[in-house]
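Participant: Whatever this is, show me its structure:
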Amino acid sequence: MISVVFPGQGSQKVGMGADLYNNFDYIKFNTIQNRILNQNIENNHKQMKFKFTTIYQNINMKKVSQLDEYLFDLNGYLIIENALSKKELKDLNNILDKLKSLKHKEWAGYVHGHNYGGKEGLNLQQIYEAGKPFEKLIDHPSWINHMLHFVGGKGTFDHLHGPLFIDENFANIRGPGEAIGIHSGNPEGLQRNHYRYQNGKFHCSQVNILLALTNIGPGDGGTVIIPSSHKSNIVHPEFKDNKMLKGGKVSSAEGMTGAKEVYMKAGDALLFVDSLCHGSAKRINKGERRIVVYRYGPSWGFFRHPYRPSEDLLSRLSKFQQKIVMPHQNVLTPNNK
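Facilitator: Okay, the predicted model is just below:
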């Protein structure tokens, strides 16, 4: 740790710390923090806490680099290494340890157990209802700037309703089992999958963050993608039996020409546009693969499933988070002008 100390021996001048303040975020953070802490703590505790948290998050947010833009546009995905800290991983997994016994259609509070009838594992829908560690993921500093940038709502009419919208969120726990069929892709033409870059801005209808809570290597049932398929205008010639396209049997991406299985370390994140062809490989290893998925889109979107954030959750979230999970709260009526 490096500290810069002004000893106070009479040599100070106005503006002497300006260069440090303007060029180093941690100097700015500590300066603003001290201003806040010098306020009347008893009378301004809630306001102070909000300001402090907001400043801290803004300073620690990962920025979107030009290389991020290029690779996302080229490939349709990014890998964010070490997106989660070891403590965050531990806290998230501790909660999943308590929820993993949930059965299909069972509830644990506002979290709903669900599966699709195969060996794809257990989905825990509405996982952001499971406690503070999952609430923090809503606007996590490791990826929230990327979501704002790639969804591209700012400066458009839909930004008036809110910065983003999460239409689905879940954790998935799976043991050994079959592949999850390849699906999505630009030729489907779904509005929810829309990808566009125009006039120097991204406009994506859905961008997903997939978090690895366990190491995912060969045999672990990793996510399989077809890079650049978010721009393809032609259906993959080997993509014949996918139920999303032709009403047939689900096909695995394993062995498909151009497909890639993504290996991740616990704490890494896969950020990808939903129009990218994706699925998963078979899991042949023992143990569990654990992932969390939050799907972000413009604020004009709507919920993918008949779940809604609970009043309990909304009461705990910041204003910014509330707008992301429930952007349509302010309804204009003759009685509510």
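Participant: check contacts around Ser228.
Facilitator: Residues in contact with Ser228 (Cβ atoms under 8 Å, 6 or more residues apart in numbering) are 74-76. Yep, even glycine has a C-beta here, placed from its N, CA and C like the rest.
Participant: Could you do Glu120 as well?
Facilitator: Applying Cβ under 8 Å, 6+ apart, the residues contacting Glu120 are 172, 174, 177-178, 180, 280.
Participant: go on, Ser280?
Facilitator: Applying Cβ under 8 Å, 6+ apart to Ser280 gives the contacts 120, 179-180, 221-224, 253.
Participant: before we move on, the earlier item: tell me which of the contacts of Ser228 fall in helices.
Facilitator: Taking DSSP state H, the ones among the contacts of Ser228 that sit in helices are 74-75.
Participant: among the contacts of Ser228, which ones are buried?
Facilitator: The neighbour-count criterion (16 or more other Cβ atoms under 10 Å) marks 75-76 among these as buried.
Participant: Tell me, how many residues neighbour the closest residue to Trp107 other than its chain neighbours?
Facilitator: In space, Trp107 comes closest to Gly113 once its chain neighbours are excluded; the distance is 7.4 Å by Cβ to Cβ, 6 or more residues apart in numbering. Neighbour count for Gly113, taken as other Cβ atoms under 10 Å: 18.
Participant: Surely Tyr263 and Pro218 touch.
Facilitator: Yes: Tyr263 is in contact with Pro218 according to Cβ atoms under 8 Å; the separation is 7.2 Å.
Participant: show me where the stretch 51-200 of the chain has helices.
Facilitator: 66-75, 86-99, 132-135, 144-151 (DSSP state H, counting those that start in this stretch).
Participant: and of those helices, who's closest to Ala212?
Facilitator: Between Ala212 and the helices of the stretch 51-200 of the chain, the tightest spacing by Cβ to Cβ is seen for helix 86-99, at 9.2 Å.
Participant: picking up where we left off before, can you tell me which of the contacts of Ser280 is closest to Ile80?
Facilitator: Checking the contacts of Ser280 one by one against Ile80 (Cβ to Cβ), the nearest turns out to be Thr223, at 13.9 Å.
Participant: mind listing what the closest residue to the closest one other than its chain neighbours touches?
Facilitator: Among residues not flanking Thr223 along the chain, Val262 sits closest, at 4.8 Å (Cβ to Cβ, 6+ apart). The neighbours of Val262, taking Cβ under 8 Å, 6+ apart as the test, are 79, 216, 222-225, 270.
Participant: When you filter those residues down to buried only, what's left?
Facilitator: By neighbour count, with 16+ other Cβ under 10 Å, those hold 216, 222-225, 270 as buried.
Participant: Let's have those residues in a markdown table, adding secondary structure and distance to Gly297.
Facilitator: Below are the buried ones among the contacts of Val262 laid out as a markdown table (DSSP: H, G, I helix; E, B strand; the rest coil; distance: Cβ to Cβ, whole Å):
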| residue | secondary structure | distance to Gly297 |
| --- | --- | --- |
| Ile216 | strand | 25 |
| Gly222 | coil | 25 |
| Thr223 | strand | 19 |
| Val224 | strand | 23 |
| Ile225 | strand | 19 |
| Leu270 | strand | 17 |
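Participant: mind listing the strands for the stretch 51-200 of the chain?
Facilitator: Using DSSP state E, counting those that start in this stretch, the strands of the stretch 51-200 of the chain run over residues 77-80, 107-108, 111-114, 122-125, 165-174, 195-198.
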